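Undergrad: Need coordinates for the below:
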Amino acid sequence: MKVLALASITFLTAIVVNGQQPPPVADNANPQDRSIKDRSIDLERTRRDENKGVVTGKPGESMAESKFNQIKEDFEQIQVTQSAIVAAYRKPGKIDYVLIASGAEQISKRGTRLKDNLFAPPPPSKEEKKKKDKDKKAESPSEPEAPARPVPTDIKTLVAEIDNTLAMFVSNAMFSNARTVNADDHARAKSDLEYVIALGSKLHELAGAQAATTN
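TA: As a prediction, this is how the structure comes out:
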């Protein structure tokens, strides 16, 4: 339940990012196990479950509609944009590296905003900060963080890795059932989204450089 409470609180974190419209999805976009629309419906159902059963910091407070709309928009558009990238890369003939670079940039930007909204902890209260500082002085040295997943350095592998990792992220249980999500689901979703952001940033760099040399 602690994870659920954190998820509900972080849904309300205010972040403002200006984004361009994603490229259109081609008819031969990469098929998914479930449609974007179905996953969005699950996300909305999860939001309703969160509002019914989880306190968000103030008595009777529910998830802000505007904040949820921002989350839903990023959740959907990352998938739409990635489908367009895959279609552009697989299209016979000349590969549209300009579209791929632009789409990858949007994935990275929207992914960062989505991460802030979903996983950034709320500012601690004065009492919590004092307790945290006290505990920090008494605690033993923390374990080193697990190494980040390596980011490929070629466009083909980057496109495939974004596609595979994004599929795992959007199918995470935390987006389909708020009452069964656990710490492992939460940690995995955060890790997958961070990897998608890193992959998008690298793909934007490489595809942009390729576009500059082929145009």
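Undergrad: show me where pLDDT drops low in this structure?
TA: For the chain, the stretches flagged by pLDDT under 70 are 1-35, 37-64, 66, 122-126, 128-147, 178-181, 215.
Undergrad: can you give me the helices for it?
TA: 2-10, 36-53, 65-90, 97-119, 126-138, 155-170, 183-214 (DSSP state H).
Undergrad: how about the closest residue to Tyr97 other than its chain neighbours, what does it touch?
TA: Spatial nearest neighbour of Tyr97, excluding adjacent residues (C-beta to C-beta, 6 or more residues apart in numbering): Ala211 at 3.8 Å. (C-beta placed from N, C-alpha, C; glycine too.) By C-beta atoms under 8 Å, 6 or more residues apart in numbering, the contact set of Ala211 is Tyr97, Val98, Ile100, Ala101.
Undergrad: which among those gets closest to Ala88?
TA: Distance to Ala88 across the contacts of Ala211 (C-beta to C-beta) is lowest for Ile100, with 5.5 Å.
Undergrad: Near the spatially closest residue to the closest one that is not a sequence neighbour, how many other residues are there?
TA: Sequence neighbours aside, Ala207 is the residue nearest to Ile100 in space, at 4.2 Å (criterion: C-beta to C-beta, 6+ apart). When counting by other C-beta atoms under 10 Å, one arrives at 27 neighbours for Ala207.
Undergrad: any idea how far Thr213 is from Ala207?
TA: Noted for Ala207: a distance of 11 Å to Thr213, by C-beta to C-beta, to the nearest Å.
Undergrad: related to what we said a few turns ago, got the contact list for the residue nearest to Ile100?
TA: Ala207 neighbours (C-beta under 8 Å, 6+ apart): Tyr97, Val98, Ile100, Ala101, Ala104, Ile155.
Undergrad: ok, which pair from those is furthest apart?
TA: Going by C-beta to C-beta, the pair spanning the contacts of Ala207 furthest: Val98 and Ile155, at 12.9 Å.
Undergrad: higher neighbour count, these two?
TA: Shown here are Val98 and Ile155; by other C-beta under 10 Å, Ile155 has more neighbours (20 against 17).
Undergrad: need the contact list for that one.
TA: Counted by C-beta under 8 Å, 6+ apart, Ile155 has contacts Tyr89, Tyr97, Ile100, Leu203, Leu206, Ala207, Gln210.
Undergrad: Next, format the residues you listed as TSV and append distance to Glu161.
TA: Putting the contacts of Ile155 into TSV (distance: C-beta to C-beta, whole Å) gives the following:
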residue	distance to Glu161
Tyr89	13
Tyr97	17
Ile100	14
Leu203	9
Leu206	13
Ala207	14
Gln210	17
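Undergrad: Between which two of these is the distance greatest?
TA: Greatest spatial distance among the contacts of Ile155 (C-beta to C-beta): Tyr89 and Leu206, at 12.0 Å.
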